[in-house]
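Visitor: using only what follows, build the 3D model:
(one chain, ligands or ions: 1)
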Amino acid sequence: MNKALADSVRQKYVEQFGEEPLIVRSPGRVNIIGEHTDYNEGFVLPAAIDKAIYVGIGKSEDGKTIHLFSGEFNEAYQTTLDNIHPTERGWPNYVLGVVDQLKKRGYSIKGFSMVVDGDVPIGAGLSSSAAVECAVAFALSQFFNLNIGKRDLDFIAQKAEHEFAGVLCGIMDQFDSVFGKKDHVIKLDCRSIEYEYVPLKLEGYKILLLNTNVKHSLASSEYNKRRQECEQGVAWVKEHHPDVNSLRDVTKQMLDEHVKPKDDLVYRRCKYVVEENERLITGCDDLKTGRLEALGQKMFQTHDGLSKDYSVSCKELDYLVDAVRSEEAVLGARMMGGGFGGCTINLVKENAIDELIQKLGPAYKQAMGKEITAYVAQIEDGTSLC
Ligand code: GLA
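Guide: Below is the predicted model:
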């Protein structure tokens with residue numbers, strides 16, 4: 001937990017609303033391998049990180065009004081419980097979307113006051129939006145004694161993203177924020193929602209995140225478009241294999257026979273997903289058995305698939321991955337999250353991190369005209385009270 005941030009949220013809450021709040025924390029995430037597989041009923045391998053959203057919650061004086069304050073935007077927003085709809089202001093939607101879901105599911109809540117803040121960089125592919133949604137869902141559950149189970153918190157948070165942010169995301173980010181476990185990754189089967197904690201033993205290596213500082217906007221429809229393209233591929237296969245319901249059930253041979261002749265673009269999208277699921281299964285075994293070099297190679301392959309076949313990379317992400325390919329201290333690297341900007345995830349030898357950053361920073365600046373921001377991610381527990 002970042003005590004300074006929790007204290008600052010408490011202080012902001014007291015300044016705004018005059019009382020002591022309940023404080024909740026919910027983390028951002030990394031994903032070792034398994035990108036754009038979650039909404040295709042595949043596997044993912046995420047972990048919760050030491051960057052998180054903090055929410056302070058308390059009552060509202062009339063029991064009907066919702067008072068929100070964002071530390072990040074230094075901005076207030078106010079509405080009432082019977083007037084919940086998406087707003088053009090952006091940030092309140094991640095709170096209001098959760099409130100809307102709770103209402104739709106018949107949970108009994110009243111007005112409340114809330115401060116939202118944190119250190120998960122926005123638009124960096126570290127899932128700041130899921131962290132807000134999960135923090136808000138857990139805070140409301142705690143404050144109004146709703147006793148919502150962890151899986152339901154995930155589904156509520158995911159649905160909030162669908163309906164109030166307009167991104168038809170999978171379950172990875174919300175699941176990981178809630179279920180994260182210190183020093184472990186989660187191998188999650190996004191079809192059955194069964195999961196396994198796998199110890200993250202990196203033996204002298206660390207997870208280095210390099211933020212391109214290109215802010216992505218997943219809502220900019222490309223994410224939803226990929227989802228549709230995958231669904232189209234499944235529909236074409238299903239005409240010949242009625243048992244097939246998602247890309248999880250599809251083989252490359254099926255794609256060659258039934259999708260390739262119809263549309264090359266849809267074929268490449270689907271092929272990437274089928275290959276990525278295979279990579280995740282063997283990559284997870286690599287992690288379990290300490291074959292870190294093999295895992296690293298798969299991360300590079302994932303990047304190539306995301307960049308060339310799935311087309312969700314950008315020149316800055318490609319630059320940062322290409323720049324480390326021949327570095328001896330780097331086992332593997334790839335773009336992470338939805339894409340179009342944000343971070344690369346790199347497995348880097350601990351004692352070579354500083355030197356690598358010193359080398360990459362100026363080169364990136366010269367080539368792309370932007371700064372990189374580097375973070376070494378520590379793996380932490382999921383959503384909790386502070
Ligand atoms: C975003 C979505 C996730 C997942 C990733 C890509 O983070 O929220 O559900 O699809 O992109 O793997």
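Visitor: please identify the buried residues of stretch 103-115?
Guide: In terms of neighbour count (16 or more other C-beta atoms under 10 Å), stretch 103-115 has its buried residues at Tyr107, Ile109, Gly111, Phe112, Ser113, Met114, Val115. Heads up, the C-betas are built off the backbone N, CA and C, glycines and all.
Visitor: how about Asp173, what does it touch?
Guide: Counting by C-beta atoms under 8 Å, 6 or more residues apart in numbering, Asp173 touches Arg29, Pro46, Ser127, Ser129, Ala130, Ala131.
Visitor: cutoff 7 Å now
Guide: Listed by C-beta atoms under 7 Å, 6 or more residues apart in numbering, the contact partners of Asp173 are Arg29, Ser127, Ala130.
Visitor: give me the neighbour count for the closest residue to the ligand within the stretch 201-350 of the chain.
Guide: Across the stretch 201-350 of the chain, no residue is closer to the ligand than Gly338, which sits at 3.5 Å (C-beta to the nearest ligand atom). By the criterion of other C-beta atoms under 10 Å, Gly338 has 24 neighbours.
Visitor: okay, it: pLDDT?
Guide: The predicted structure scores Gly338 at 93 on the pLDDT scale.
Visitor: that one against Asn224, yeah?
Guide: No: under the criterion of C-beta atoms under 7 Å, Gly338 is not in contact with Asn224, lying 10.6 Å apart.
Visitor: wait, Ala160 touches Glu133, no?
Guide: Yes: look at Ala160 against Glu133 with C-beta under 7 Å: they come within range, at 5.0 Å.
Visitor: more neighbours, the two?
Guide: For Ala160 and Glu133, the more surrounded residue by other C-beta under 10 Å is Glu133, and the numbers stand at 33 against 28.
Visitor: which parts of the strand or helix carrying that one are buried?
Guide: Element membership for Glu133 (DSSP states H and E) is helix 128-143. Neighbour-count burial for helix 128-143, counted by 16+ other C-beta under 10 Å, picks out 128-141, 143.
Visitor: the protein: strands as residue ranges?
Guide: 22-31, 43-44, 46-59, 65-70, 75-80, 112-118, 184-189, 195-199, 205-211, 330-335, 343-349, 373-377, 384-385 (DSSP state E).
Visitor: mind putting these into JSON lines with distance to Lys252?
Guide: Compiled in JSON lines, these are given as follows (distance: least, C-beta to C-beta, whole Å):
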{"stretch": "strand 22-31", "distance to Lys252": "23"}
{"stretch": "strand 43-44", "distance to Lys252": "17"}
{"stretch": "strand 46-59", "distance to Lys252": "25"}
{"stretch": "strand 65-70", "distance to Lys252": "46"}
{"stretch": "strand 75-80", "distance to Lys252": "49"}
{"stretch": "strand 112-118", "distance to Lys252": "41"}
{"stretch": "strand 184-189", "distance to Lys252": "20"}
{"stretch": "strand 195-199", "distance to Lys252": "26"}
{"stretch": "strand 205-211", "distance to Lys252": "30"}
{"stretch": "strand 330-335", "distance to Lys252": "21"}
{"stretch": "strand 343-349", "distance to Lys252": "26"}
{"stretch": "strand 373-377", "distance to Lys252": "33"}
{"stretch": "strand 384-385", "distance to Lys252": "42"}
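Visitor: can I get these in a markdown table with mean pLDDT and distance to Arg291?
Guide: Putting the strands of the chain into a markdown table (pLDDT from 0 to 100; distance: least, C-beta to C-beta, whole Å) gives the following:
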| stretch | mean pLDDT | distance to Arg291 |
| --- | --- | --- |
| strand 22-31 | 98 | 19 |
| strand 43-44 | 98 | 18 |
| strand 46-59 | 98 | 18 |
| strand 65-70 | 98 | 44 |
| strand 75-80 | 98 | 48 |
| strand 112-118 | 98 | 35 |
| strand 184-189 | 98 | 15 |
| strand 195-199 | 98 | 13 |
| strand 205-211 | 98 | 13 |
| strand 330-335 | 98 | 10 |
| strand 343-349 | 98 | 12 |
| strand 373-377 | 97 | 21 |
| strand 384-385 | 98 | 33 |
